[in-house]
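Provided below for reference: sequence and predicted model.
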Amino acid sequence: MKRNKTMIAAFALPASILFVAIFVYPVIRTVFMSFFSIQEITDSFSSWVFNGIDNYKSLMGNALYRTSWINLLKIFFLGGVITLGVSLLMAAILKSGVKLKGFWQAVIYMPNIISAVAMATMWIQYVFNSTYGFLHNFFKAIGLESLANIQWLSPDMKFTALLVSYCFGTIGHYMLIWLSGMERISPDIYEASSIDGASKVQQFFYVTMPLLRGIFKTNLTMWAISCSGFFIWSKLFSPITADTSTIVPMIYMYEKLFGAANTDSVTRDAGSAAAIGVMLCIFVVVMFFVVNKTIKDDDIEM
Amino acid sequence: MKNMKKLLSLLLALVMILAMAACGSGDAGKESAPAQESKSGESAPVQGGGDKIYDGVKLVYWSNWEATETQGKIITEAVNEFMAETGAEVDLQFKGRTGIKEGLIPALDADQKVDMFDGQGNKSNFGDRIVPVEDLMAAADYEKDGNAAMMELCRSYYADGKTREIPYQMKGNGFLYNKALFRQAGIESVPTNWAEFEAVCQKLLDAGITPMTTDDAYTPQAFGIHLARMLGTDKVKAVVNDGLWAETPEVLTTAKAFEGLASKGYFSDLVASNAFPTGQNTEFATGMIGMYVCGTWLPNEVRNITGDSFEWGFFNYPEVDGGINGTEAMVIGCQSFAITNKCDNPEAAFALISKITRGEWDAKLAEGTLGLPIDKANTEWPEQLADAKPYFDACTEIFAVSGGLENNPNITPALKENLAKLYAGLITADQFVANMETASQA
């Protein structure tokens, strides 16, 4: 078929223009802004003052900002193990032929359709509360006073509380992705392995797991993206001013961009906020490359 | 089958058209007052032509309240009356706190027409996007009915001493307390110094009442005001900005005072785990705790929990041993209005601001929100805050928020964490100072 280049250009142009305007331009502008001292995100270019990598140096020299990255990495690694591990287990159980599969699938996925604000409020007020929260009442009812008296929202426990509640809300999402991968594995392979004498556990580790590498890559990349944008849960666990235990780079960026609460004079720093955005972007890109380099999914044919 | 496809195509096209129409007609406003019918973004027509003073004038007003809040409802009524009286058309848009914080400057920079707005006091970060209002105030002799301390505060935000904001809804911080519990403990007068304060705490404890609690977001308030009593607010700011925790002996003295309160059991057992607003809502407002350091907005914030029977009391932070100021110094502040540089008719905007901040509507705002009026002529303060009036009247020195202790947002998180532990008795005063010194140097 003869290609009509004009037609191709005509069809591609609107989407290309939109892509450049909505994605490419903001990315370039953000990277550019990160090398300038800028107060407001909408300040005119004439008021920008070039300061090289000072925004990056100043951020990395700030203990609170470093703490925010430590928290993010803890969420990524610890939360990743919990979320991806538990969701994989749930998917394997559902795939094993458990009764009422559709019902359990819906129950596990349900937290994902509830707003994060409602979910976090529920956890803070009705699960972790030290007077009437579920954990307090439950452990008290079974006579475990020491566990009932744990103050889940105290400075030493707040991160754990945040992590557990966040993971709870995301497990269903990753479980569905695992499940979709498992559904693609041919029953013939399981049948063959059964004939060879493999138990269910052996099938999981030697058949299911290797054949889910591609899904694992997808889940890990998506987990990195969702961690880099971690904001709402942290904001709800520390609603007015940030906490050392729950602060993440997005919270720090918000405070830089719009000013912190409870201060007499609001100071804003859009240049540093842009630098944080760039660093978060680099985090996702690095994770993407690491995942792609370390996990190969093209050496097994389904 | 073909017909089915056609039908589906038509339906899809219809859905797309409707979706585009819905997106296109979206007003910049989050919520608009029912009376307004205008579209934002149009330039204000010149005044004149009708019988009323502002016939033909159009104002776009962004409010930091929500339409469903009491403030929002009263302001809507005031605006409606203003429109009926003056002939002006006011496009009142309720943006909420974050709407103003996040959206107003970009909107003004994008040449969006916003004539006036309200929000948290100190709008100095708006730069030349807001205009001085000194001439407008002078022409209307506006200041004669206002609170002088608030006007001074609003001027102090600007290097040239010319205010760009007009105060309303005053607020102040101190001890909010439960009068019924005080009476139950046999306490007849509020404490004015630290020894009396400790005696009050002990009496409450002896009566089986936990003296006080706080929430994570408010932990710096008591400590900061205590330290400001000893140092003054400017030196407190120097401590947090320059990391002078160990170098300033008053920090340790203050920490020891709170270590003492914690060791005597004056704080709630839950003080370390009260994530805002748990302490204020489930401990103080429910009548379980005697005192709570907070602002005068608290009675309004928890009125749905306390009901009308709660007996509110207020006293200023007591004087402390070795302090350099007394109850004449306190944390006070306000909400404020400002007029933007996009406003074509500042006189009309100022007239609307005057209407809300003076006389009847100022009184209605105070009454409806259990707030503090800004108009001197409105001498009746809400019963819940009547105790605060003498302190406001006698105030000659204004402390910064938390006495200046929250002046460094990079340190506030570490401060909150260590104060929660100090109040809970989990760390000593010496450990507090050492931890803060480490946090400042890192």
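Received it, and whenever you're ready, just let me know what you need. Numbers count the residues shown, from 1 in each chain, chains lettered A, B, ... in the order given.

so where is the chain shaky, pLDDT-wise?
In the absence of a named chain, chain A is used. For chain A, applying pLDDT under 70 flags the ranges A:1-2, A:297-302.

oops, chain B please
In chain B (pLDDT under 70), the answer is B:1-50, B:442.

what does it have sitting close to chain A?
B:101-102, B:105-106, B:109-110, B:122, B:124-125, B:157, B:216-217, B:220, B:270, B:272-276, B:278, B:282, B:400-402, B:404, B:406-407, B:409-414, B:416-417, B:420-421, B:424, B:439, B:442 (C-beta under 8 Å from any C-beta of the partner chain). For glycine as for every other residue, the C-beta is placed from the backbone atoms N, C-alpha and C.

Can you tell me which of these are buried?
Buried residues within the residues of chain B next to chain A, defined by neighbour count using 16 or more other C-beta atoms under 10 Å in any protein chain shown: B:101-102, B:105, B:122, B:124-125, B:157, B:216-217, B:220, B:270, B:272-276, B:278, B:282, B:400-402, B:404, B:406-407, B:409-414, B:416-417, B:420-421, B:424, B:439.

Now intersect those with the helices, please.
The helices, defined by DSSP state H, take in B:101-102, B:105, B:220, B:278, B:412-414, B:416-417, B:420-421, B:439 from these.

all helices for the stretch 201-302 of chain A, in order.
Under the criterion DSSP state H, counting those that start in this stretch, the stretch 201-302 of chain A contains helices at A:209-211, A:213-228, A:232-237, A:249-258, A:270-294.

how about those, which one is nearest chain B?
helix A:249-258 (5.3 Å; C-beta to the nearest C-beta).

what does the domain assignment say about chain A?
Listed domain ranges for chain A are A:1-33, A:53-294 (source: automatic domain parsing).

Would you mind putting these into TSV with distance to B:Trp194 and mean neighbour count alongside?
Output for these, formatted as TSV (distance: least, C-beta to C-beta, whole Å; neighbours: other C-beta atoms under 10 Å in any protein chain shown):
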stretch	distance to B:Trp194	mean neighbour count
domain A:1-33	50	11
domain A:53-294	25	18
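
Would you mind saying which of those domains lies nearest B:Phe175?
Comparing the domains of chain A against B:Phe175 with C-beta to C-beta, the closest turns out to be domain A:53-294 (18.5 Å).

measure the closest one end to end?
With C-alpha to C-alpha, to the nearest Å as the measure, domain A:53-294 spans 31 Å from end to end.

Which parts of the stretch 51-200 of chain B are strands?
B:58-63, B:89-94, B:116-120, B:165-178 (DSSP state E, counting those that start in this stretch).

give me phi/psi at A:Gly143?
The phi/psi pair for A:Gly143 (degrees, to the nearest 10) reads phi 80, psi 10.

What of A:Ser37?
Torsion angles at A:Ser37 (phi, psi; degrees, to the nearest 10) stand at phi -90, psi 110.

so what's it up against?
A:Trp48, A:Val49, A:Phe50, A:Asn51, A:Asp54, A:Asn55, A:Asp269, A:Gly271 (C-beta atoms under 8 Å, 6 or more residues apart in numbering or on different chains).

now the last one, nearest residue through space, not along the chain?
The one in question is A:Gly271. A:Ile38 (4.3 Å; C-beta to C-beta, 6 or more residues apart in numbering or on different chains).

hang on, that neighbour packs against A:Ser47?
Yes - between A:Ile38 and A:Ser47 there is a contact at 7.4 Å, judged by C-beta atoms under 8 Å.

Show me which of these two is the more surrounded one.
Neighbour count, other C-beta atoms under 10 Å in any protein chain shown: between A:Ile38 and A:Ser47, A:Ile38 has more, with 24 against 12.
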